[in-house]
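> The sequence isn't on hand, but the structure is:
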């Protein structure tokens, strides 16, 4: 599966960095990495819109050392909107 990640905004909440983005999913999406640009991801929230919506989940134990969050998605041709919080 191919996920094309785009960062749409960045913010700072106290001592935490917050990154917002979207990931466009290819046909028959089953999973892949969302690249957050953070060095440590403590929280990750997401929502899938479009396509045949079924569900999505994070396939990682958080906090995650590294900025690439592996997700499992049960949709086709959807867009994953996400927010990551960390450092």
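Cool, the structure landed. Owing to the predicted nature of the structure, the values given are computational and were not obtained by experimental measurement. Residues are numbered from 1 along each chain as shown.
> Check residue 30 and give its pLDDT.
Listed pLDDT for residue 30 reads 65.
> Likewise for residue 37?
Residue 37 is assigned a predicted lDDT (pLDDT) of 93.
> Which of the three states applies to it?
coil (DSSP: H, G, I helix; E, B strand; the rest coil).
> With adjacent residues omitted, what lies nearest to it?
residue 67 (5.5 Å; Cβ to Cβ, 6 or more residues apart in numbering). The way it works is simple: take the backbone N, C-alpha and C, and place the C-beta from them, glycine included.
> What distance do you get for that neighbour to residue 81?
With distances defined as Cβ to Cβ, to the nearest Å, the gap from residue 67 to residue 81 amounts to 17 Å.
> Just want to know which of these two has more residues nearby.
residue 67 (18 against 15; other Cβ atoms under 10 Å).
> Do I have it right that that one meets residue 34?
No. Using Cβ atoms under 8 Å as the test, residue 67 is too far from residue 34 to be in contact (9.0 Å).
> Okay, now the unreliable bits of this protein?
Within the chain, the ranges that satisfy pLDDT under 70 run 1-2, 27-30, 50-54, 75-77.
> Contacts only, for the residue lying farthest from the centre of the chain.
Within the chain, residue 14 marks the point farthest from the mean C-alpha position, 21.8 Å out by Cα atoms, centre = their mean. Going by Cβ atoms under 8 Å, 6 or more residues apart in numbering, residue 14 touches no other residue.
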